[in-house]
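Enquirer: this is the structure alone, sequence omitted:
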DNA sequence: CGGCATCCAGGTGGATACTG
DNA sequence: CAGTATCCACCTGGATGCCG
């Protein structure tokens, strides 16, 4: 038998947890932007676009806590804070990027399925 | 080469959308269980565990709408409804499984990072 | 500049009751 | 058995104001 995708409960829970972790509104957008190199707080905010100050702070704190980004404070006036992906953060981008590639490749199929479903169900 | 991952805004949005789509509380659990083959409603509910009737219905409807599962009704008494992954659903499981594999492989690193962060930040 | 504190609207999901 | 309908607690995230 081929090595199939895992479908026992524990593995599914692990998958579910990581997906919920990175599946919030901003996390992958922020991580994606940081994939290009270190950025300052407001620089990152402008690059992501549409994110509130509160949510960028919250998102970055969570990523820092989990070891995906580092936070470097320069005690200057005005203050400067740099955020950068860790090695772990870069590694996370690999499977996330794979999922993204799948998504881009199959948007049309999903869109077609939705239109079919919606037309059939009033 | 630093540009291993896509980090332009459009790609990140696509990734973000699919992650939010499958990043809800139950979707991957349900899809994961269905990866083993077709299942009836209550059978699936017992297999997933802890999911309410309402949420299983909602989750399955969403998956059906997007073309990830099929719903087959047998007009018997009592009624019987089978749910099964489509080809698209099976394909989705590949990148999702990859992310899950990454998650299982790195839980310890994340856990260690969290403990370090929490001990340093009161 | 890069935060934190507060308030609040909307969405998510659980509990319960009812139905063909 | 496999739903639908309703109510409600909680959480996410946006807006605003203040601060070192």
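Expert: The structure has been received and is ready for your questions. Given the structure is predicted, the values throughout are model-derived calculations rather than measurements.

Enquirer: how deep is residue A:107 tucked in, by neighbour count?
Expert: Look at residue A:107: counted by other C-beta atoms under 10 Å in any protein chain shown, it has 13 neighbours. Any C-beta I mention is one placed from the backbone N, CA and C, and that applies to glycine too.

Enquirer: which SS class is the residue nearest to it when sequence neighbours are not counted?
Expert: Setting aside the residues directly before and after it, residue A:107 is nearest to residue B:14 in space (C-beta to C-beta, 6 or more residues apart in numbering or on different chains), at 7.2 Å. For residue B:14, the secondary structure call by DSSP: H, G, I helix; E, B strand; the rest coil comes out as helix.

Enquirer: for the residue lying closest to residue A:65 once chain neighbours are set aside, give me phi and psi.
Expert: Distance criterion C-beta to C-beta, 6+ apart; nearest residue to residue A:65, sequence neighbours excluded, is residue B:117 at 4.3 Å. Its backbone dihedrals place residue B:117 at phi -60, psi -50, with angles given as degrees, to the nearest 10.

Enquirer: and residue B:117, how far is that from residue A:91?
Expert: Per C-beta to C-beta, to the nearest Å, residue B:117 is found 18 Å from residue A:91.

Enquirer: do residue A:17 as well
Expert: Counting by C-beta to C-beta - residue A:17 and residue A:91 are separated by 17 Å.

Enquirer: so what's residue A:82 closest to, chain neighbours aside?
Expert: Beyond its immediate neighbours in the sequence, the residue positioned closest to residue A:82 (C-beta to C-beta, 6+ apart) is residue A:72, lying 4.5 Å away.

Enquirer: confirm that that neighbour sits in a strand.
Expert: Yes: when the secondary structure is assigned by three-state DSSP, residue A:72 falls within a strand.

Enquirer: quick one: contacts for it?
Expert: Contacts here follow C-beta atoms under 8 Å, 6 or more residues apart in numbering or on different chains; on that basis residue A:72 touches A:38, A:81-84.

Enquirer: of these - the most surrounded one?
Expert: Each of these was scored by neighbour count (other C-beta under 10 Å); the top score is that of residue A:83, with 22 neighbours.

Enquirer: wait, a strand at that one?
Expert: Yes: Residue A:83 sits within a strand when classified using three-state DSSP.

Enquirer: please name the bridge partners of it.
Expert: In this structure, residue A:83 has the following beta-bridge partners (DSSP bridges): residue A:39, residue A:71.

Enquirer: quickly note the distance from it to residue B:13.
Expert: According to C-beta to C-beta, residue A:83 stands 20 Å off from residue B:13.

Enquirer: what sits closest to the residue in chain A positioned nearest to chain B if chain neighbours are left out?
Expert: Using C-beta to the nearest C-beta, the single residue of chain A nearest to chain B is residue A:23, 2.0 Å away. Spatial nearest neighbour of residue A:23, chain neighbours left out: residue B:23 (2.0 Å); criterion: C-beta to C-beta, 6+ apart.

Enquirer: same check on residue A:19?
Expert: Nearest residue to residue A:19 in three dimensions, chain neighbours excluded: residue B:23, at 4.4 Å (C-beta to C-beta, 6+ apart).
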